[in-house]
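> Fold the following for me, if possible:
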Amino acid sequence: MKRYLPHLSVLASLGIAIVIWGASPNSTITVTRFDLAVTSFPEELDGLTIVQVSDLHNKVFGDNQQDLVDLILAQEPDLVAFTGDMVDSWTAEYDHALVLIQALAKHVPVYIVDGNHDAREPDYPIQKAAMENVGGIVLADESVSFESINLIGLKERFGIENRAQPVAHLVEADRFNLLLAHHPADFNDYVGIGVDLVLTGHVHGGQFRFFGVGLVSPDEGLFPTYHAGKYTQDTTTMIVSRGLGESVLPLRLFNGPELVIIRLSHQP
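Predicted coordinates:
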């Protein structure tokens, strides 16, 4: 056994070094930008900018979230979309999300859908009302007109076979349909109802990322297909945010917190 100890010591040191190196981006938010030209997008809205905030999980960025607020507003968004899991259900602390929503809603419309961690909280109805009281617009299987686009919010459900079906009737064939959801693994369901763009999160980029590939998803297991970035099928594009916080494991490797910026234009 003694002859293996030096080797084990080297491996342990290497492992610690990898964790320190991989976790080093966790204090800095990465801004990821997507420029999307879509045929169905209204030409008069060219340049419309969406900031997507996903999977905050109680995380704090500066006093009263001021660092995050400043970064979001610096993008000059037309709307901010929260795509679920404002809290971590192990220790739900909604104040961090409420402060953020209130600060943003003074400047820009804020639309919100819940995630699995939000929905499993017994007091979520109270928190939903609180988010609305500070200026957020919570969409639960509802649609609203934003400018001339159809903005749809999907409510979180557990054990559903077709996740998109509850909002299928809200899709309007003659308009640009933007869907806010939480789960990227159900991409085929979103494609099936014919939305143009869907924003999701949930996977945290696979939590650990190596060479741009996510390691694990709560829904898809190891090496998930939908872990981060842009996916397109037929006329539907899905953006998966790597999110801002952590859940279960308080650690992200080679996968710092992410803020997603989407700029839309009409494709002639």
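
> Helix, strand, or coil at Met238?
State at Met238, reduced to three classes by DSSP: H, G, I helix; E, B strand; the rest coil: strand.

> for Gln65, same thing?
helix.

> any low-confidence regions in this protein?
Within the chain, the stretches with pLDDT under 70 are 1-27, 248-250, 253-254.

> Break down it into its helices, ranges please.
Per DSSP state H, the chain carries helices over the ranges 5-23, 66-74, 95-105, 116-119, 124-133, 187-193.

> Only alpha carbons, please: show the fifth one as PDB.
As requested, the backbone C-alpha atoms of helix 124-133 are provided in PDB (Å, rounded to 0.1, in the frame of the first residue of the first chain):
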ATOM      1  CA  TYR A 124     -45.000  29.400  -4.000                       C
ATOM      2  CA  PRO A 125     -48.500  31.000  -4.400                       C
ATOM      3  CA  ILE A 126     -47.500  33.600  -1.800                       C
ATOM      4  CA  GLN A 127     -44.200  34.200  -3.500                       C
ATOM      5  CA  LYS A 128     -45.900  34.400  -6.900                       C
ATOM      6  CA  ALA A 129     -48.100  37.200  -5.500                       C
ATOM      7  CA  ALA A 130     -45.000  38.900  -4.000                       C
ATOM      8  CA  MET A 131     -43.200  38.900  -7.400                       C
ATOM      9  CA  GLU A 132     -46.300  40.400  -9.000                       C
ATOM     10  CA  ASN A 133     -46.500  43.000  -6.200                       C
END
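
> which helices and strands does it pack with?
On a contact count with 3 or more Cβ pairs under 8 Å, 6 or more residues apart in numbering; DSSP states H and E, helix 124-133 meets helix 95-105, strand 137-138. Glycine gets a C-beta too; all of them are placed from N, C-alpha and C.

> between the ones you listed, which one is nearest to Phe210?
Of all the helices and strands packed on helix 124-133, it is helix 95-105 that lies closest to Phe210, at 29.6 Å by Cβ to Cβ.
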